[in-house]
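Trainee: Quick one: sequence plus predicted model below, questions after.
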Amino acid sequence: MDEQQSASVQAVDYMPWIGLSEEEQHKQALHQQQLAADYSCSFGEACFVSPQAIVLPDRLQLGDRSYIAGGAIVRSTRLVTGSDCSINSYSVLSGDITMGNGVRIASHASLYGFNHGYAVTDIPVFRQPLTVKGIVIGDDVWIGAGAVILDGVRIGSHSIVAAGAIVTRDVPAYSIVGGNPAKLIRSRLPGDTGIADHKEAPAILYGQLEQFGKQVQEQLTPLLEFYSDTMEGEKLFRDRPGAGRTVRAYCDAVEIAAMFGSLPPGWTKEELIATLQQFQDSRTGLLPDPWSPPGPEDQPELLTDHLSRYHLLAVGYALEVLGAALPHPVTAIGNMDTLTLYQQLDRLPWAENAWGAGDWIDCYATGLYHNLQSFGSGKRPDDLFGWLATHCRRDSGLWGLPTAEEGWLQPVNGFYRLTRATYAQFGLPLPYPERTIDTVLAHSRDRRFFRQEALNACNVLDVVHPLWLCLKQSDYRQAEIRAWAGKLLGEVLPFWVPGRGFAFQLSRQQDTGLQGTEMWLSIICLLADLCGLSSALGYSPKGVHRLEPAFLLPV
């Protein structure tokens, strides 16, 4: 190799954006193959990992057109990126790190998604166990040269971390932060001028959210104890005191505790894992309810039992929160061929019960996800996404039709269930986000479902999440959506019942339960994120309602 060729390779290693020659592309493909053979790695289209970088991950998942430049160190890391992310020369990434699309990490920046234990004084720090909360970075974030981001920090979308900043606490969306420790310099939003600290406009709402998050955390243990029970020596949870036993109650308790980085009181992680794993049927991989089993007409190979379908979500994600997985692959879904899938999709009740259709797809796509994530399945959701792309309505951005009795309720609620497990879970763009926003906002003005005394967790979640998901692709009607979200937050927060949580039907405060509490806590976080204020809460949803894509499909 002559001197000019050597210089070209060196330049590409440290400046991947200049492009690769055909020979360099071939070498890069071989390098990625070797990384995938040595570690748990997946790479999107047109990714680049310099051989001059030190890459020793536990898990690495790069989105399309993302790169790791020469001299960077990625070690002992679960690193998951969206598309168009750059990890530049001499940056250091360790621990658990998740980032969205368009994240740019400048040279010499350091991200530490773990911490050393130091609680015990008579044991050397290096002998104490590590703790991991993880770092989560939104979309379109620029992290300047020499910045340091510590474990447990969430950085909101569209933010800038100034060069040399030491970030020890969450950064709101659209913020510029700098200094040691990093403080808010100003907001990037129009109309926000000089802002001195994290209590930026609207300062009152930020303070309310901050106070609410602290209140929930302080009451977490007595709240979960309130819904705990014992029957013949067996520990269990009930959605409400005196209610019948359900699988979901265990999962809601796990996810509520996980929002604050803890476990339900009185349980070990091993006990919870064993309890949840026992619900799965080893033959089908589904999770029928032991206290309300499906009837003899059930066809598990066609996912006909609604409780089995939802438990695949609830239990599967709760186990992931606990660092475990379903013990068996979901063979009922893994064995379904494309022809059967398309026949089922065509038979779903799109005209009169689009929510039920979305529920079916939610289960199917989640089964594919668990098989891909935990069992190395080769079955991807490409055929499903093909069907969805050709059946989404251009006029509404939804699947299904409104009904005379309920207006847009069924298609909007079905859109949430369907997209939660597909476009959101796999990090893919929606077909018509602007049309979706128009339809969902129109539905949000339907007084039958959206006056305060009628609000329930399903109907609100099924509007909030679609708007939140659409705004990841487009800023269409963003100001209107933010104003709506801020108004709704003001209505929801006062319905918290101390030590008991929320009721599913918000105004029925006598009916607080685990399901209502988990769902409304997640809704509040989504509403706050729409306002750019989610960092105030001090928690984020886990499991079913988590905000990050679960699995970025390699191309």
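Mentor: Perfect, thanks for sending it. Residues are numbered from 1 along each chain as shown.
Trainee: For the chain, which helix extends over the most residues?
Mentor: Longest helix in the chain by number of residues (criterion: DSSP state H): helix 203-226.
Trainee: Packing partners of that helix?
Mentor: Judged by 3 or more C-beta pairs under 8 Å, 6 or more residues apart in numbering; DSSP states H and E, helix 203-226 is in contact with helix 247-259, helix 478-492, helix 514-530. To be clear about C-beta, it is placed using only N, CA and C from the backbone, and glycine gets the same treatment.
Trainee: who wins for proximity to residue 208 among those helices?
Mentor: Shortest distance between residue 208 and the helices and strands packed on helix 203-226, using C-beta to C-beta, is found for helix 478-492: 7.7 Å.
Trainee: re the thing from before, so which bits of the longest helix of the chain are buried?
Mentor: Within helix 203-226, the residues scored as buried using 16 or more other C-beta atoms under 10 Å are 205-206, 208-210, 212-213, 216-217, 219-221, 223-224, 226.
Trainee: what does stretch 446-462 give?
Mentor: For stretch 446-462, the neighbour count (16+ other C-beta under 10 Å) marks 446, 449, 450, 455, 456, 457, 458, 459, 460, 461, 462 as buried.
Trainee: From residue 488, how far off is the third one?
Mentor: The spacing between residue 450 and residue 488, counted by C-beta to C-beta, to the nearest Å, is 9 Å.
Trainee: Mutual contacts of these two, please.
Mentor: Common neighbours of residue 450 and residue 488 (criterion: C-beta atoms under 8 Å, 6 or more residues apart in numbering): residue 460.
Trainee: and residue 185, what pLDDT?
Mentor: For residue 185, the model assigns a pLDDT of 80.
Trainee: Same question for residue 122.
Mentor: As summarised for this prediction, residue 122 has a pLDDT of 81.
Trainee: Can you check my assumption that it lies in a helix?
Mentor: No. Counting by DSSP: H, G, I helix; E, B strand; the rest coil, residue 122 is not part of a helix but coil.
Trainee: Measure how buried it is and give me the count.
Mentor: For residue 122, the neighbour count with other C-beta atoms under 10 Å is 4.
Trainee: Which of the three states applies to residue 449?
Mentor: At residue 449, secondary structure determined by three-state DSSP is helix.
Trainee: Let me fix that, I meant to ask about residue 436.
Mentor: helix.
Trainee: Quick one: residues contacting it.
Mentor: Per C-beta under 8 Å, 6+ apart, neighbours of residue 436: 396, 397, 398, 415, 430, 466, 470.
Trainee: Of the residues you listed, which belong to helices?
Mentor: Using DSSP H, the members of the contacts of residue 436 that fall in helices are 415, 466, 470.
Trainee: now that we have these, which one has the most neighbours?
Mentor: residue 415 (31 neighbours).
Trainee: Correct me if wrong: it contacts residue 465.
Mentor: No. Checked against C-beta atoms under 8 Å, the pair residue 415 and residue 465 is beyond contact range at 9.1 Å.
Trainee: Using PDB, write down the CA coordinates of stretch 438-448.
Mentor: Listed in PDB are the C-alpha atoms of stretch 438-448, where the atom choice follows Å, rounded to 0.1, in the frame of the first residue of the first chain:
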ATOM      1  CA  ASP A 438     -54.900  15.700  12.600                       C
ATOM      2  CA  THR A 439     -57.100  12.700  13.300                       C
ATOM      3  CA  VAL A 440     -55.900  12.100  16.900                       C
ATOM      4  CA  LEU A 441     -56.300  15.800  17.900                       C
ATOM      5  CA  ALA A 442     -59.800  15.800  16.400                       C
ATOM      6  CA  HIS A 443     -60.600  12.800  18.500                       C
ATOM      7  CA  SER A 444     -59.200  14.400  21.700                       C
ATOM      8  CA  ARG A 445     -62.000  17.000  21.400                       C
ATOM      9  CA  ASP A 446     -64.700  14.400  21.600                       C
ATOM     10  CA  ARG A 447     -66.400  15.300  24.900                       C
ATOM     11  CA  ARG A 448     -67.900  11.800  25.300                       C
END
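Trainee: List the buried residues for that stretch?
Mentor: Buried, per 16+ other C-beta under 10 Å, within stretch 438-448: 438, 439, 440, 441, 443, 444, 446.
Trainee: what separates the fifth one from residue 406, distance-wise?
Mentor: Which is residue 443. Distance, residue 443 to residue 406, by C-beta to C-beta: 10 Å.
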